[in-house]
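Student: Mind looking at a prediction? Sequence and model below.
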Amino acid sequence: MKQKVKNMKRLAVLVVLAEAAVLAFFYFGLKKRDIIIPGIAVILEAALLFYLFEHFESAAQEQSVGVKNAVGETTSEAYLNGGIGLLIYDDNYMITWMSELFAQRGLDKVGSRILSWIPEADDLIAGRSETATVRLDDRVYEIRRKEDAQVIYFRDITELTEYREHYEDEKVVVGMASFDNYDESVQYADEAENAAINTAIRTPLHEYCTNYGILLKRLNNSRYLMIMNEKIFAELMNDHFSILKKVRKSAQKADVAVTLSMSVARGSTDLKELDEMAASLMDLAQTRGGDQVAVQAVGQDVKYYGGSSEAAEKRSRVRVRVMSHALRDLIQSSSNVIICGHKTADFDCIGSAICLSRMAAALRKPAVIIAKTGGIEEKLSDAMKENEAQLKQEVTFVTEAEALNQLHDGTLVIMTDHHNVRQSNGAKVLEHAKKVIIIDHHRRSTEMGIKPVLLYIEAGASSTCELLTEMIPYVSRHTDISEMAATFMLTGMIIDTQRWTVRTGARTYDAASVLRQMGADPLKANDYLKDNYDEISLKSNVISTAKRYDHGVIVAPVKDRKLTRSLMSQVADRLLNVQGVEAAFVIANTSDSETCISARSAGKFNVQMIMESMGGGGHRTGAAMQRTKTNVEDVHKELLQKIDEYYKEENPDESDS
C-alpha cells in the first residue's frame, strides 16, 4: 500500500510539473497573458493532490498500526511477547503489510517480493508444505500460511531451537574400543616388551579420549567402554576417527601387528539397548577385519569408517580347534547335511564344499552340494567336466529344488565362502532350515538374513579352503581328501590370493603345504586357470577401454558387449600389473538386466569400502557389485564419485588443503 502511494505521488508530481511547464511556455514564449484561470486551476489541482496524498498516507499509516486496531492492544502485546508476527502479500507476491513485530526488529520489507526475501516460503505458498523454518538475522522463525488467504504467520522459535539443539547434543552415546590382535602380540613378550607395547598403543587412545572429553573405562586387557554425547561424537566424525591411524602407526613403531576397532551406538535413551548395540557392533567391526569403526543409530543401517589396513591373521590354533569341534558335533547330531555355495560358484566355493562333504562322509552323514543351480564360473565348469566321473564318485551335486526335498528338521545346512542369503544358490533352503552354519573368509556385511548356530568368519584368511584345510584334522582324521579335491582347493587359494600376492600369510602357506601333501598338483591348477586364444583377445579389447584417473585408479567401462563376472575379475587382476596402478575397476553388463563392477586393489586402496557404498561387498583387495535396471554409464559416474569420496575420507588433510 505504501509503495503504491509513493508511486502515485511521484506520477502526480510529474503531471503537475508538466502542466506548469506548459503554462510557463505560453506565458513567456508566446506572450499570452490570458492564462490566469488555467494557472489557478493548476494550483488548486496541486493543493487537492497534496491533500489526497496526505490522506492516503495517513490511511496507510493507520493500516500499518494493524494488530492493535484489529485485535486490541492486549492481544497485540501478547503477539509481541510471544514473538508472533503477520504479513500480507498481494497477487504478485509483493508484501503489502507487516505487523509490529517486524518494525520492532528492524525488518521493513513492505513493497518487496516475499520469495526474494524468504525463498523458503515457496513450498508454503504453493501448498506443498504446511510449515517452513527460516533464519532472519540471528533469529529462527517457523512460518505458516493461512488457508484461503494471502497471510503468513511468523513464530519466533529461536529459544526452542536452541533448547532442542542442546538436548540433541547432550544425548548419551555408548561406544567400545578394542585392540585387535592384542593377546597374540603380547603372548610371548617379556615384561619389558609388554610394557613397551602397552605404552605404545594405550597412550594415544587415552590422550585422544581426554582431548575430546570422552569417559574411558577399561573392561579387560584389550577392550574399553566409551561414554560420550552427540556433540563429541560429531567432533569425532569431523576428525574422521584419526585415532585409528595413530594407534596403527604407534603399533608399527613398536613392531607389533595391533590395530584399533571401535563401535558406536546412538539414537536411544535406553542405556542397556545402547550397550548391547555397541557390543554387537564391535563383533561386526572385528569380524570384518578390524582397524575400523562401526556406527549405528537405532533404526538405521550400520556405517563403517576406516578399515584401511589389510586384515591380519588373528585366529589362533585354539580357536581353530574349538570351531572344528563345534562343526563336528553339529554334523554328528544332524540327520543329513546340505552345503550351499554362492551364486556363480568359483574354485574356492566348490573346493571348500567338496571338503565339507568329505568331512560329513567321514562322520557317516549323507551330504549334498547345491551346484546344479546358481551358476558355475567358466573355468571351474571346464575343470568339473574334465573330472566328472571322479566327482560323481566322491560327492553328490543337486539342484536347489532337490535339496529342498531333502530338508528336514534334523538337517544341517552349511553356507560356505559366503554369509549373505542374497548371495546364496540355496536361498530357499536357508529360509526353511532349522540349523545353519556359516564358514567364510570375506569381511562380514551388516545383514546376513539368517541367525546361524555357528559362525566362523575370518577376514584375515586368504580363502575358505585355507580355513577348512586347518580344520580337517580336528573334525576327523579319517577325512579322505583326494588329489583332485586337494587340487581344486589349491586352485581356489591361488585365485583368491591373486597367485600368492595378496592376503597371503604364514598360515596360507602352511595350508598350501598340507594340500600339497594330500596330492594337490600346482601344474594342474595352473592348467585350469589358463586362457584360450579367444579369451586373451577379448581381454585385450576390454583392457583397451581402460582409462587412468588420479590416485593410481584405472577404470575400464565396457559398453559394447556383455562379459562374464569371471572374465571381469581376470581383467581387473591384469590391470593391476600396470605400473603405478593401485586400484582397478571393470564395469560391464553381465546380462540384459544386470550391470556389474569387479574391483581389485594392490593393497593401498580398500575397494571393499567403495563397493559397499554402492551396495556390493567383498575384501579389501578384491570386491564386486551387481545392480539391476541401470547401465554402464550411470554406474561409471557413480563409481568415480564414490572413489573421490573415499579418497577424501582416507586423506582428509590433503582434501582440505
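Tutor: Sure thing, it's come through.
Student: Quick one: list the elements packing against the host helix or strand of residue 115.
Tutor: Per DSSP states H and E: residue 115 is located in helix 114-117. Other helices and strands packing on helix 114-117, by 3 or more Cβ pairs under 8 Å, 6 or more residues apart in numbering; DSSP states H and E, are helix 122-126. All C-beta spots, glycine's among them, are computed from the backbone N, C-alpha and C.
Student: moving C-terminal of the helix it packs on, what's the next helix or strand?
Tutor: Counting by DSSP H and E, the element after helix 122-126 in chain order, helix or strand, is strand 131-136.
Student: Can you give the strand pairings for that following strand, parallel or anti for each?
Tutor: Each strand paired with strand 131-136, and its direction, by DSSP bridges: strand 139-145 (antiparallel).
Student: and the angle from whichever helix or strand comes after the strand it pairs with to strand 131-136?
Tutor: Per DSSP H and E, strand 139-145 leads on to strand 151-156 as the next helix or strand towards the C-terminus. Between the direction of strand 151-156 and that of strand 131-136, the angle (axes from the mean of the first three to the mean of the last three Cα atoms, to 10 degrees) works out to 60 degrees.
Student: From the contact counts, what lies against strand 151-156?
Tutor: On a contact count with 3+ Cβ pairs under 8 Å, 6+ apart, strand 151-156 meets strand 84-89, strand 139-145.
Student: who touches the last one?
Tutor: Counting contacts by Cβ atoms under 8 Å, 6 or more residues apart in numbering, the residues outside strand 139-145 that touch it are 85, 105, 118, 120-121, 124-125, 130-135, 151-158, 161.
Student: out of those residues, which are buried?
Tutor: 85, 118, 121, 124-125, 132, 134, 152-157, 161 (16 or more other Cβ atoms under 10 Å).
Student: With respect to residue 238, which of those is nearest?
Tutor: The shortest separation between residue 238 and any of the buried ones among the contacts of strand 139-145 is 21.5 Å, and it belongs to residue 161 (by Cβ to Cβ).
Student: Can you give me the buried ones in the host helix or strand of that closest one?
Tutor: Using DSSP H and E, residue 161 sits in helix 158-169. Applying a neighbour-count criterion of 16+ other Cβ under 10 Å, one finds residue 161 buried in helix 158-169.
Student: For the chain, which element, helix or strand, carries the lowest mean pLDDT?
Tutor: Sorting the helices and strands of the chain by mean pLDDT, DSSP states H and E puts helix 67-71 at the bottom, at a mean of 49.
Student: Not counting the helix holding residue 161 itself, show me its contacts.
Tutor: For helix 158-169, the surrounding residues in contact (Cβ under 8 Å, 6+ apart) are 83, 138, 139, 140, 229, 230, 231.
Student: elements contacting the helix or strand just after it?
Tutor: As assigned by DSSP H and E, the chain's next helix or strand after helix 158-169 is strand 172-180. With contacts defined as 3+ Cβ pairs under 8 Å, 6+ apart, strand 172-180 has these neighbours: strand 223-229, helix 230-238, strand 259-266, helix 271-287.
Student: And the contacts of helix 158-169, which two are furthest apart?
Tutor: Checking the contacts of helix 158-169 against each other with Cβ to Cβ, the farthest-apart pair comes out as 83 and 229, at 29.0 Å.
Student: Tell me the buried residues in stretch 93-104?
Tutor: Of all the residues in stretch 93-104, those buried under the rule 16+ other Cβ under 10 Å are 94, 95, 96, 97, 98, 99, 100, 101, 102.
Student: List phi and psi for the fourth one.
Tutor: Geometry field for residue 97 lists phi and psi as phi -160, psi 140, criterion degrees, to the nearest 10.
Student: ok, and the closest non-adjacent residue to it?
Tutor: Beyond its immediate neighbours in the sequence, the residue positioned closest to residue 97 (Cβ to Cβ, 6 or more residues apart in numbering) is residue 88, lying 4.4 Å away.
Student: wait, isn't that neighbour in contact with residue 114?
Tutor: No. Taking contacts as Cβ atoms under 8 Å, residue 88 lies outside contact range of residue 114: 9.9 Å.
Student: Common neighbours of those two, please.
Tutor: Overlap of the contact sets of residue 88 and residue 114 (by Cβ under 8 Å, 6+ apart) consists of residue 95.
Student: Figure out how far the helix holding residue 115 is from the centre of its chain.
Tutor: Between the mean C-alpha location of helix 114-117 and the chain-wide mean there is a distance of 37 Å, by Cα atoms, centre = their mean, to the nearest Å.
Student: What of stretch 573-591?
Tutor: Relative to its parent chain, stretch 573-591 has a centroid offset of 23 Å by Cα atoms, centre = their mean.
Student: which residues touch residue 280?
Tutor: residue 263.
Student: ok so, going back, name the residues that touch the helix holding residue 115?
Tutor: Counting by Cβ under 8 Å, 6+ apart, helix 114-117 makes contact with 87, 89, 93, 94, 95, 109, 121, 122, 125, 152, all of which sit outside it.
Student: go with 7 Å
Tutor: Taking contacts as Cβ atoms under 7 Å, 6 or more residues apart in numbering, the residues outside helix 114-117 that touch it are 89, 93, 95, 109, 121, 122.
Student: just stretch 241-260 next, same as before
Tutor: Contacts to stretch 241-260, defined as Cβ under 7 Å, 6+ apart, come from residues 177, 179-182, 185, 196-197, 200-201, 204-205, 208, 262, 290-291, 293, 305-306, 309, 312.
Student: Which positions within it qualify as buried?
Tutor: Buried positions in stretch 241-260, judged by neighbour count with 16+ other Cβ under 10 Å: 241, 243-248, 250-251, 254, 256-260.
Student: again with stretch 521-541
Tutor: Buried residues in stretch 521-541, defined by neighbour count with 16+ other Cβ under 10 Å: 521, 524, 525, 528, 535, 538, 539.
Student: next one: stretch 340-354
Tutor: 340-354.
Student: in the stretch 301-450 of the chain, which spans are helices?
Tutor: For the stretch 301-450 of the chain, applying DSSP state H, counting those that start in this stretch gives helices covering 317-332, 347-362, 378-386, 388-394, 400-405, 427-432.
Student: what separates the second one from the chain centre, distance-wise?
Tutor: A distance of 35 Å separates the centroid of the chain from that of helix 347-362, by Cα atoms, centre = their mean.
Student: With the first one instead?
Tutor: Its chain's average C-alpha position is 35 Å from that of helix 317-332, according to Cα atoms, centre = their mean.
Student: now, of the helices and strands packed on strand 172-180, which is deepest in the fold?
Tutor: Sort the helices and strands packed on strand 172-180 by mean neighbour count, taking mean count of other Cβ atoms under 10 Å, and strand 259-266 sits at the top with a mean of 27.
Student: That one relative to helix 230-238, how many degrees between them?
Tutor: Here strand 259-266 points in a direction 140 degrees away from that of helix 230-238 (the same axes, to 10 degrees).
Student: model confidence over strand 259-266, on average?
Tutor: The predicted model gives strand 259-266 an average pLDDT of 95.
Student: Partner strands of it, with direction?
Tutor: Assessed with DSSP bridges, strand 259-266 is paired to strand 172-180 (antiparallel), strand 292-297 (parallel).
Student: The ones you listed: which one's closest to residue 512?
Tutor: Among the strands paired with strand 259-266, strand 172-180 sits nearest to residue 512 (Cβ to Cβ), with 25.1 Å.
Student: Pull out the buried positions in that closest one.
Tutor: Residues of strand 172-180 classed as buried by neighbour count (16+ other Cβ under 10 Å): 173, 174, 175, 176, 177, 178, 179, 180.
Student: related to what we said a few turns ago, okay, the buried ones among the contacts of strand 139-145 in CSV with pLDDT next?
Tutor: Written out in CSV, the entries for these read as follows (pLDDT from 0 to 100):
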residue, pLDDT
85, 90
118, 91
121, 88
124, 86
125, 86
132, 91
134, 92
152, 91
153, 91
154, 94
155, 92
156, 93
157, 92
161, 90
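Student: of all these, which two lie farthest apart?
Tutor: With distance counted by Cβ to Cβ, no two of the buried ones among the contacts of strand 139-145 lie farther apart than 125 and 161, which are 22.9 Å apart.
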